[in-house]
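Student: 3D model of this:
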Amino acid sequence: MQSEPKQVPDTTTKAKTGRKKPSLLAITVILGTIGLVTQLLWVNWPKSRTEPEPLSTNIQDVIDRLPGTADALIYAGVKDIRESKFWNEVIPDSVKAANWLQFDTTLTRISRQTGFIPSRDIDTLLVEFQQRNARKQDFLGIVWGNFPEGLDIDALEHQAVQTISVEGRRLAALREDLWICRPSGRMALIGSSADIIGRYLAPHSSFLERDTTTTALLEKTAHKSHFWFTLSSPYWTIGALQSLTSANKDLQTLGNINRIRHLTLSLKLDENVEGTSEWIYENRRSAYFASTFLWSAIKLSSTPGTRTPQETKDLLNSIHVMQNLESVIVTADIPAELFRKTLPAASTKPEENPPE
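Tutor: Modelled structure (predicted):
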């Protein structure tokens with residue numbers, strides 16, 4: 001009798017069954033670890049940034065004379081803005097002729113009496129705000145430009161409710177909280193008190209050494225020739241942030257966005273509008289989550305198919321968000337064409353030079 005043939009063991013099957021597939025848990029752990037390490041590296045990696053423009057020597061000297069510490073510091077190089085291509089070709093005439101002093105009835109009245117037009121007659125403007133108490137702010141405005149008759153100190157004293165002399169300079173109070181001094185023919189000091197003007201006229205120490213927060217913000221400010229401001233006080237930064245995000249109510253309620261401590265913003269007007277804003281947070285983690293929320297909101301709002309108007313989508317597409325250590329840096333290069341679509345046409349007639 002023939003014996004039954006022996007079955008040869010299937011080594012292929014054993015080999016296949018001997019290999020264990022990686023579990024879903026292991027894959028999740030590996031991917032999660034990679035993601036966490038990548039996130040930690042990104043949060044703590046200092047990114048390259050545009051070299052900020054230097055402050056002009058004259059403006060730096062003026063800032064260094066400022067009294068106290070600043071909750072907010074605002075600068076406008078109005079003459080440089082007037083000479084820009086954007087101002088002459090895009091800004092409508094109604095904006096050029098607007099009275100920027102309408103926020104104050106006394107200044108509005110005097111500007112109308114004297115024919116003073118801020119957009120035409122002001123060359124440079126620097127304003128410092130200081131917190132006096134929970135309800136009041138002190139301010140000091142330094143204005144350079146062309147001042148018509150009626151804004152000299154003799155004429156101002158005729159309308160004043162009080163006049164005094166501080167550091168050899170005459171001061172006129174148009175109201176209890178509105179004082180004016182004319183140190184020179186092309187310069188005016190406007191303050192909420194005689195004391196704040198006096199401390200500018202006779203400085204006792206360096207503002208840039210005293211107010212280290214504002215000094216650090218100035219060093220971060222990208223564009224310094226046309227318009228910029230620094231906000232050192234959380235009270236001011238929260239208010240500014242609410243204005244910047246006013247079109248998106250969801251952004252205003254995000255906790256990470258609202259934990260901002262300091263803010264700086266600057267604009268440069270040429271053929272386009274270049275803008276840079278830096279939001280400074282307490283730590284890198286807060287900055288990372290704030291930048292993530294902001295980036296996501298911008299991308300979602302600018303996605304095709306959403307109800308966002310096309311002009312707004314074009315604007316959002318020109319904005320870039322980046323986290324850099326404790327900061328969120330927002331940059332924009334907005335084409336002039338975007339403004340031409342929404343603003344009335346500017347006059348092609350060249351603007352008359354202001355009187356000397």
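Student: C-alpha only now, for contacts and for neighbours.
Tutor: Will do.
Student: can you count the residues close to A155?
Tutor: 12 (other Cα atoms under 10 Å).
Student: An error on my part: the question was meant for S327.
Tutor: 25.
Student: Who are the contact partners of it?
Tutor: S327 makes contact with 278-281, 284, 287 under the criterion Cα atoms under 8 Å, 6 or more residues apart in numbering.
Student: tell me, how many neighbours does L73 end up with?
Tutor: By other Cα under 10 Å, neighbour count at L73 equals 23.
Student: For it, give me the pLDDT.
Tutor: What the model reports as pLDDT for L73 is 97.
Student: That one bridge partners, please.
Tutor: Judged by DSSP bridges, the bridge partners of L73 are E128, T230.
Student: Compute the distance between it and P335, please.
Tutor: Distance, L73 to P335, using Cα to Cα, to the nearest Å: 28 Å.
Student: got a winner among the contacts of S327 for most neighbours?
Tutor: For these, neighbours tallied by other Cα under 10 Å; top is A287, 27 neighbours.
Student: helix/strand/coil for it?
Tutor: helix (DSSP: H, G, I helix; E, B strand; the rest coil).
Student: and the most centrally placed residue in the chain, helix, strand or coil?
Tutor: A centroid search over the chain (Cα atoms, centre = their mean) returns L265, at 1.9 Å, as the residue closest to the centre. Classification of L265 using three-state DSSP returns strand.
Student: and the closest residue to it other than its chain neighbours, how many neighbours?
Tutor: The shortest distance from L265 to any non-neighbouring residue, by Cα to Cα, 6 or more residues apart in numbering, is to S277 (4.2 Å). Look at S277: counted by other Cα under 10 Å, it has 24 neighbours.
Student: Stretch 171-190: which residues count as buried?
Tutor: For stretch 171-190, a neighbour-count test (16 or more other Cα atoms under 10 Å) marks 171-174, 178-182, 187-190 as buried.
Student: actually stretch 95-109, not the one I wrote
Tutor: Quick answer for stretch 95-109 (16+ other Cα under 10 Å): 96, 99, 107-108.
Student: hmm, which two among those residues are most spread apart?
Tutor: K96 and L107 (18.1 Å; Cα to Cα).
Student: any chance you could map the helices in the stretch 101-250 of the chain?
Tutor: Assigned by DSSP state H, counting those that start in this stretch, the stretch 101-250 of the chain shows helices spanning 105-114, 118-121, 153-159, 194-201, 207-210, 212-220, 234-244, 249-253.
Student: Turn the ones you listed into CSV, including mean pLDDT.
Tutor: Shown next, in CSV, are the helices of the stretch 101-250 of the chain (pLDDT from 0 to 100):
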stretch, mean pLDDT
helix 105-114, 89
helix 118-121, 91
helix 153-159, 94
helix 194-201, 96
helix 207-210, 97
helix 212-220, 96
helix 234-244, 74
helix 249-253, 54
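Student: now these in CSV, with distance to K341?
Tutor: As requested, those are arranged in CSV below (distance: least, Cα to Cα, whole Å):
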stretch, distance to K341
helix 105-114, 31
helix 118-121, 23
helix 153-159, 43
helix 194-201, 44
helix 207-210, 42
helix 212-220, 32
helix 234-244, 21
helix 249-253, 25
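Student: how deep is K47 tucked in, by neighbour count?
Tutor: Neighbours of K47 (other Cα under 10 Å): 11.
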